[in-house]
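Student: Build the 3D model from these lines:
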Amino acid sequence: MIKQRILENFKENNTKYRNMVQSIVRASDWIDDIMQISTIKAYENSDQFIEGNKLTNWITVIVKNEALNYLTKQKR
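Tutor: Prediction:
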C-alpha cells in the first residue's frame, strides 16, 4: 500500500520535486537521474516511513538529499 502511495506522490508532485532539484544542482542534465534515484530510494526504503507523518515531507527530504549527494560527488 505504501509503495503505491509513494509512486502516486511522485507523479502528483513531480514538478515540485524537479524544481527543487534544479534549484539545488543547477544542472538540468542530471535532474532526471536524480529524480529516478530518489524514486527508487523512497520505494526501496518504504519500510522506514512512519505512518502518521506526511509522505510528501518524507519524500522531499529524500529528493533533497539526493540532489545534495550529486553536488558532493561533483566536487570530488
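
Student: now stretch 21-38, how far from the centre of its chain.
Tutor: On the basis of C-alpha atoms, centre = their mean, to the nearest Å, stretch 21-38 sits 9 Å off its chain's mean C-alpha point.

Student: Rounded mean pLDDT for that stretch, please.
Tutor: Averaged over stretch 21-38, pLDDT sits at 94.

Student: in it, what's buried?
Tutor: By 16 or more other C-beta atoms under 10 Å, the buried positions in stretch 21-38 come out as 21, 24-25, 30-31, 34-35, 37-38. Bear in mind the C-beta positions are built from the backbone N, C-alpha and C, glycine included.

Student: element containing Glu8, please.
Tutor: helix 2-12 (DSSP states H and E).

Student: List the buried residues in that helix.
Tutor: Those would be 6, 9-10, for helix 2-12 by 16+ other C-beta under 10 Å.

Student: hang on, the earlier thing: output the buried residues of stretch 21-38 as JSON lines; include the columns secondary structure and distance to Gly52.
Tutor: Listed next are these as JSON lines, based on DSSP: H, G, I helix; E, B strand; the rest coil; distance: C-beta to C-beta, whole Å:
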{"residue": "Val21", "secondary structure": "helix", "distance to Gly52": "27"}
{"residue": "Ile24", "secondary structure": "helix", "distance to Gly52": "28"}
{"residue": "Val25", "secondary structure": "helix", "distance to Gly52": "31"}
{"residue": "Trp30", "secondary structure": "helix", "distance to Gly52": "33"}
{"residue": "Ile31", "secondary structure": "helix", "distance to Gly52": "31"}
{"residue": "Ile34", "secondary structure": "helix", "distance to Gly52": "28"}
{"residue": "Met35", "secondary structure": "helix", "distance to Gly52": "26"}
{"residue": "Ile37", "secondary structure": "helix", "distance to Gly52": "26"}
{"residue": "Ser38", "secondary structure": "helix", "distance to Gly52": "22"}
